[in-house]
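**Q** From the sequence below, what's the structure:
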Amino acid sequence: MNSDEDIQMPVRTLEMLREKMKKAALKQCQHRTVDFGECSKEQGFLTPFKCREEMKRLNRCLAKYTHDEILEKYKTEWYAEQRAKQNVSQASSS
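**A** Numbering: from 1, shown residues only. Next comes the predicted model:
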């Protein structure tokens with residue numbers, strides 16, 4: 001039986017999974033991103049001071065979707081795909 005330790009995850013793959021997680025988080029937090037963007041347009045160079053609450057809400061939202069537990073889910077899915085590919089290639093070579 002193959003374990004996740006039998007399959008090495010390339011660094012590039014880990015980076016890709018992190019990017020996938022970030023994109024999903026931005027999609028989930030799109031409403032917060034829009035709120036912050038609108039505030040930034042209105043406030044210009046005063047954004048750090050005038051849009052602090054919008055930024056905090058955006059960061060809290062993003063934090064819900066970009067933590068280690070979620071990254072582990074993406075990694076688990078990747079490992080499952082790799083095991084499935086291995087099983088298919090082993091079955092076809094038998």
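**Q** buried set for the worst-scoring helix or strand of the chain on mean pLDDT?
**A** Lowest by mean pLDDT, DSSP states H and E among the helices and strands of the chain is helix 68-93, with a mean of 88. When neighbours are counted by 16 or more other C-beta atoms under 10 Å, the buried residues of helix 68-93 are found to be Tyr74, Lys75, Trp78, Tyr79, Gln82, Arg83. Any C-beta I mention is one placed from the backbone N, CA and C, and that applies to glycine too.
**Q** do stretch 22-29 as well
**A** Neighbour counts over stretch 22-29 (16+ other C-beta under 10 Å) mark Ala25, Leu26, Cys29 as buried.
**Q** any idea of the mean pLDDT for it?
**A** The average pLDDT for stretch 22-29 rounds to 98.
**Q** Which residue comes closest to Arg18 once chain neighbours are left out?
**A** Spatial nearest neighbour of Arg18, chain neighbours left out: Leu71 (6.6 Å); criterion: C-beta to C-beta, 6 or more residues apart in numbering.
**Q** where's that neighbour relative to Glu53, distance?
**A** Per C-beta to C-beta, to the nearest Å, Leu71 is found 28 Å from Glu53.
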